[in-house]
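Participant: The sequence and its predicted three-dimensional model are supplied below.
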Amino acid sequence: MQNTFLEELAQSLFTQLGKDISNYTVIFPNRRAGLFFNRALRKLIDQPIWAPEAMAIEDYVRQKSDFAVPDQLSLVFSLHEVFQKHAPFKEDFEQFYFWGDMLVKDFSDVDHYMADARPLFANLLEWKKLADTDFLTDEQLQLIEKFWKSFEAKPKDAQEKFNRNWNILYPVYEDFRAKLKAENQAYNGMLYRDYADKLKSGQAQISGHLIFAGFNALTKTEEIIISEAVKEGAEVYWDMDAYYASPENALQEAGNFFREYAHHSVLGKTFPNELPNRILEETPDIKVTEVKGNIAQAKFLGQLLSEQNIEQPEKTAIILGDESLLFPVLYALPEEIQKVNVTMGYPLRFASIYQLMNVCLYLQKNKREESDKLTFNHRDVLKTLKHPFVANLLGEKVKSSIQYIESNNIIRLELKDLYDEGEVQNPLLDIIFKDGTENYFLYLKTILQYVHNEQIESTEQEFIAEIFKQINQLEQIVSEFKLELEINAFIRLFNRIVQSIRVPFSGEPLEGIQIMGVLESRNLDFEHIYFLSISEDNFPGGANSQSFIPYNIRKAYGLPTLEQRDSIYAYLFNRLMQRSQQIHLMYNSDNSGGKGGEPSRYLLQLQYELGIRSQKVQLQSLNQDPQAASAVPITIQKNEGIRDILKSYSSNRFLSASALKIYLDCRLKFYFRYIAGLKERDEVSEDLDAADFGNILHHVMEKLYGEVVSQRLDANKIFLLKKNIDNLIQEEFAELYGKKKNSEDFEFEGRNIIIRDVVKRMVIQILNYDAQIAPFTVKRVEGEFEYEVPLDNGTKIRLQGSIDRLDEKENTIRVIDYKSGGDEVKFPNVESLFDRNHDKRNGAAMQTLFYSYLFIKNEEYDGLKNVIPGLYNGKGLFKPDFSEKLKIDKKELNNAEVLMEDFEKGLKVILNEIFVSDQAFEQTESLEKCTYCPYRTICNR
């Protein structure tokens, strides 16, 4: 392999200076390059010498300044204090933070690029006065005029909002700088500008032997600093290639800055007479691979690395265009790779510990304190218990807690609800499920300390340390500025701060495979490069750089714009090809996650520019674009095991009307529920579903009439039953939501208030109707009836049904079924009840006749009275002409016995199909029946 840039630099300087190199200071764009430079220098010497000082330009400028640079959070707080003095409105800090953070960066840009803040922040009226001056170029004037013209075309309220803030920016900028200066502090751009101004005015002198190496896109202050140093004898080493930096390649944006500096009065003299042409002369092998999905990229990388014979891992770099790929990549590395160095900032918002902090804050937000009880919302509790840290630390106990909450449908929980029986104390539960109102900082830090002490993996420890530091800083500043933050403000501020934090990983940068972000690759060269997720959304990314200063004004005053950023990314991309042997470039072509799935523009340039001139660019695709798989039909044949289960319905199991209805709807659903025994998953629900609604109605009616069984009821006695309705409904709701023991403590809220009122209306309506047809005698409520039906092969199938209400009126017995929905009382004929393909098959009518059949076959029936099946259905109850009687077409059914022969015939056909025939369990062809089926995911419907 040819030498890296830093090896070339070390060779050149050592050859030129020998031992005198110790007297020189080598300045790079970042600190990391200095480590690799010293390693390269170490390989050249055969006896000990003093190493030259190698540093980042930021460290050099800080050495020359008397100012300290506070952290970003402190700067935003200071800016907020200044802003409040000038703003015509008051803005809470947590609301100010987002754009305050943006404003600090804007002010830093203004200073880095030595812009004149006075005219830059001029308001509209002042601008018209300033426009007559001649300190702006024609291009600047055109850009600014273009902005103000477009601004005047904006709606009046938008103009006023912008003007309101814009007009105070210059005094805020001036006072902010003055405040920081008085405290011997500065933000980064201010620090650079102060030093550059002193150099220009002669107040500061550059002394010592300086060498600047590896720079590309200089800010104006850096340009001044390096230029003044060159005047005093400093040297500059540029890292570039003729492929993109030569004058004739003006369309290559990667070389824009170099072409500009080549004409600079001072820096131009530092450029070499002839540019190296490595990219075209020694083009590396380049493979561009389209991959479907981010995880697939990580897996493909692991495969490539396992095929590569990695003798010197430090000469291999993995560059991530999408930083969220870090952990998938780490997990995908082959086992033989023992040493890995991660050099990139990982967004704290992706860390598991941040998610836990957020969950705990929402736990606090939604807590309630009433009657000396602290309760938490089930959603927050379940999220907390299911968080990986909490789940791992609690162990098996967490499963029983989750199951207890979900199976009992508990909406609000106390701490004691999470304890196992006999458990006295659990430190983790105690510190999470407490009232943190008094000090949210202490609440979060206590949880962090507990998790930290549990010896979790080192990567997570770094995240914990970083978030602990951020909480400490925020706490100190809130205390210093005496801010009062209620929970919503605290959550907003906490999230805004953490969203912008990136955690730097510490490690030994000179050992192992290097994993880094794009910016961290500056000045470094590797033999083998694997660049993942080089898609347009990530590299260079969308136009989302946030600034309060409009684009045209930024461009007019020389502040960095998207075009400059694109040039920087183009340079970082192209320089990777200068000294490498092999490059694998991958991009995710999957656009399902809301991103475009398009290859980066730089990949397309590579393909159409370098690919035409070199045969070393290969395109390949691992893109197996999956088509939506058509659902595979599921058919379960009756085997010996299934038949054994079916036989149990002749001995110890009963078949219900509901089971028959399900079989008629879908044979496979019947199999899942009654043969395979698949249960629906328990979930906590704050709002009742249709089944719960119906159960509450049934239970309330059962309890109301259960108190008066065998009594002759007239209208007055029925009306007296109404006084118990409210208590009974409350008891049912309390039991449903896990408050059976303390039903008086249950409180209705949200939609359940409406549902309670609907249930009450239905119960009252049933009682009102019953009062109209009284007198009658309730014989049974929820009465169980059984019967064994003989089939063709001689076996008997045991049927069972629970009749909601059996009452007697004169010469009739009514078999009543309560239906809370819109079930109809009409059906065409008995045959239709058992015809699964009949478009008017009435399942509710079949069920009510099934109950009538069981009653008629029971010894309790004497055969002397008419048996009238009846439906109290929610749809018909409130109609003035309501009748509970079933209707065959339009004729009311006044005696079910006349239908029993046909009903039994149809029933036996279905039972023979289930228990005797070889009919398989198949899916229904009527897809609308799958809509609310709990097994639809199994069928992929």
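Facilitator: Nice, thanks for sending it over.
Participant: hey, let's count contacts and neighbours off CA atoms from now on
Facilitator: Fine.
Participant: Number of residues surrounding residue 511?
Facilitator: When counting by other Cα atoms under 10 Å, one arrives at 14 neighbours for residue 511.
Participant: for it, what are its contacts?
Facilitator: 313, 314, 339, 340, 341 (Cα atoms under 8 Å, 6 or more residues apart in numbering).
Participant: Poorly predicted segments of the stretch 801-941 of the chain, please.
Facilitator: Within the stretch 801-941 of the chain, not a single segment meets pLDDT under 70.
Participant: Which parts of it are strands?
Facilitator: Using DSSP state E, counting those that start in this stretch, the strands of the stretch 801-941 of the chain run over residues 812-819, 826-827, 866-873, 887-888, 891-892, 921-922.
Participant: want to throw those strands into TSV with distance to residue 477 and mean neighbour count?
Facilitator: Converted to TSV, the strands of the stretch 801-941 of the chain look like this (distance: least, Cα to Cα, whole Å; neighbours: other Cα atoms under 10 Å):
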stretch	distance to residue 477	mean neighbour count
strand 812-819	62	22
strand 826-827	73	20
strand 866-873	64	24
strand 887-888	77	18
strand 891-892	80	12
strand 921-922	67	18
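Participant: packing partners for the helix or strand that contains residue 389?
Facilitator: Using DSSP states H and E, residue 389 sits in helix 388-394. Identification of packing neighbours for helix 388-394 by 3 or more Cα pairs under 8 Å, 6 or more residues apart in numbering; DSSP states H and E yields helix 352-365.
Participant: Check which helices and strands the next helix or strand after the helix it packs on is in contact with.
Facilitator: As assigned by DSSP H and E, the chain's next helix or strand after helix 352-365 is strand 368-370. Judged by 3+ Cα pairs under 8 Å, 6+ apart, strand 368-370 is in contact with strand 373-377.
Participant: Please settle this for me: is residue 516 part of a strand?
Facilitator: Yes: counting by DSSP: H, G, I helix; E, B strand; the rest coil, residue 516 is found in a strand.
Participant: In terms of pLDDT, where does it sit?
Facilitator: pLDDT, residue 516: 91.
Participant: right, and it touches residue 320 too?
Facilitator: Yes: with contact defined as Cα atoms under 8 Å, residue 516 counts as touching residue 320 (6.3 Å).
Participant: Strands - which of the contacts of residue 511 land there?
Facilitator: Residues of these located in strands (DSSP state E): 340, 341.
Participant: Turn the contacts of residue 511 into JSON lines, columns for neighbour count, pLDDT and distance to residue 660.
Facilitator: Below are those laid out as JSON lines (neighbours: other Cα atoms under 10 Å; pLDDT from 0 to 100; distance: Cα to Cα, whole Å):
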{"residue": "313", "neighbour count": "20", "pLDDT": "87", "distance to residue 660": "67"}
{"residue": "314", "neighbour count": "19", "pLDDT": "88", "distance to residue 660": "69"}
{"residue": "339", "neighbour count": "12", "pLDDT": "85", "distance to residue 660": "64"}
{"residue": "340", "neighbour count": "20", "pLDDT": "87", "distance to residue 660": "63"}
{"residue": "341", "neighbour count": "19", "pLDDT": "88", "distance to residue 660": "64"}
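Participant: Just name the closest of the contacts of residue 511 to residue 220, please.
Facilitator: Closest approach between these and residue 220, by Cα to Cα: residue 341, at 33.6 Å.
Participant: Please report how far the closest one lies from residue 330.
Facilitator: According to Cα to Cα, to the nearest Å, residue 341 and residue 330 sit 10 Å apart.
Participant: Quickly find the element holding residue 421.
Facilitator: Applying DSSP H and E, one finds residue 421 in no helix or strand.
Participant: and it, what does it touch?
Facilitator: Contacts of residue 421 (Cα under 8 Å, 6+ apart): none.
Participant: Please report how far the residue nearest to residue 189 when sequence neighbours are not counted lies from residue 297.
Facilitator: Excluding the flanking residues, the one nearest residue 189 by Cα to Cα, 6 or more residues apart in numbering is residue 108, at 4.2 Å. Distance of residue 108 to residue 297, given as Cα to Cα: 37 Å.
Participant: From what I see, residue 24 and residue 208 are in contact.
Facilitator: Yes: if you go by Cα under 8 Å, residue 24 and residue 208 touch, sitting 7.2 Å apart.
Participant: Between the strands of the stretch 801-941 of the chain, which one is closest to residue 567.
Facilitator: Each of the strands of the stretch 801-941 of the chain was scored for nearness to residue 567 using Cα to Cα, and the closest is strand 921-922 (62.2 Å).
Participant: Can you tell me which helices and strands that closest one packs against?
Facilitator: Packing partners of strand 921-922 (3+ Cα pairs under 8 Å, 6+ apart): strand 635-636, helix 667-670.
Participant: Partner strands of that strand and their direction?
Facilitator: The strands that strand 921-922 pairs with in its sheet are strand 635-636 (antiparallel) (by DSSP bridges).
Participant: State the next helix or strand along the chain beyond the partner strand.
Facilitator: Later in the chain than strand 635-636, the nearest helix or strand by DSSP H and E is helix 640-647.
Participant: Residue 756 - how many residues pack around it?
Facilitator: Per other Cα under 10 Å, the neighbour tally for residue 756 reads 20.
Participant: Show me where the stretch 1-150 of the chain has its helices.
Facilitator: Shown for the stretch 1-150 of the chain, the helices assigned by DSSP state H, counting those that start in this stretch span residues 5-17, 31-42, 57-63, 72-86, 93-112, 117-120, 124-130, 138-152.
Participant: Which of those helices comes out lowest on mean pLDDT?
Facilitator: Taking the mean pLDDT of the helices of the stretch 1-150 of the chain, helix 124-130 comes last: a mean of 53.
Participant: what secondary structure does the spatially closest residue to residue 266 that is not a sequence neighbour sit in?
Facilitator: Setting aside the residues directly before and after it, residue 266 is nearest to residue 227 in space (Cα to Cα, 6+ apart), at 6.0 Å. Classification of residue 227 using three-state DSSP returns helix.
Participant: Pretty sure residue 265 is one of the things residue 227 touches, is it not?
Facilitator: No: using Cα under 8 Å, residue 227 is not in contact with residue 265; the gap is 9.0 Å.
Participant: what about the two, which has more around it?
Facilitator: A direct count of neighbours by other Cα under 10 Å for residue 227 and residue 265 places residue 227 higher, at 20 against 9.
Participant: What's the local residue count around residue 840?
Facilitator: 14.
Participant: can you confirm residue 434 is in a strand?
Facilitator: No: Residue 434: not assigned to a strand; according to three-state DSSP it is coil.
Participant: Number of residues surrounding it?
Facilitator: For residue 434, the tally of surrounding residues (other Cα under 10 Å) stands at 17.
Participant: Give me the phi and psi angles of it.
Facilitator: Torsion angles at residue 434 (phi, psi; degrees, to the nearest 10) stand at phi -130, psi 170.
Participant: a markdown table for the contacts of residue 511, including distance to residue 702?
Facilitator: Shown next, in a markdown table, are those (distance: Cα to Cα, whole Å):
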| residue | distance to residue 702 |
| --- | --- |
| 313 | 76 |
| 314 | 77 |
| 339 | 71 |
| 340 | 69 |
| 341 | 70 |
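Participant: of all the contacts of residue 511, which comes closest to residue 886?
Facilitator: residue 340 (76.6 Å).
Participant: related to what we said a few turns ago, I'd say the residue nearest to residue 189 and residue 187 touch.
Facilitator: Yes: contact status for residue 108 versus residue 187: in contact at 6.7 Å, counting by Cα under 8 Å.
Participant: so residue 375 touches residue 363, yeah?
Facilitator: No: the pair residue 375 / residue 363 is not scored as a contact, 9.7 Å apart, by Cα under 8 Å.
Participant: between residue 108 and residue 297, which one's more packed in?
Facilitator: residue 297 (25 against 20).
Participant: what residues are up against that one?
Facilitator: So residue 297 contacts 291, 532, 533, 586, 587, 588 (Cα under 8 Å, 6+ apart).
Participant: same deal with residue 538?
Facilitator: Contacts of residue 538 (Cα under 8 Å, 6+ apart): 321, 322, 600.
Participant: so it sits in a helix?
Facilitator: Yes: counting by three-state DSSP, residue 538 is found in a helix.
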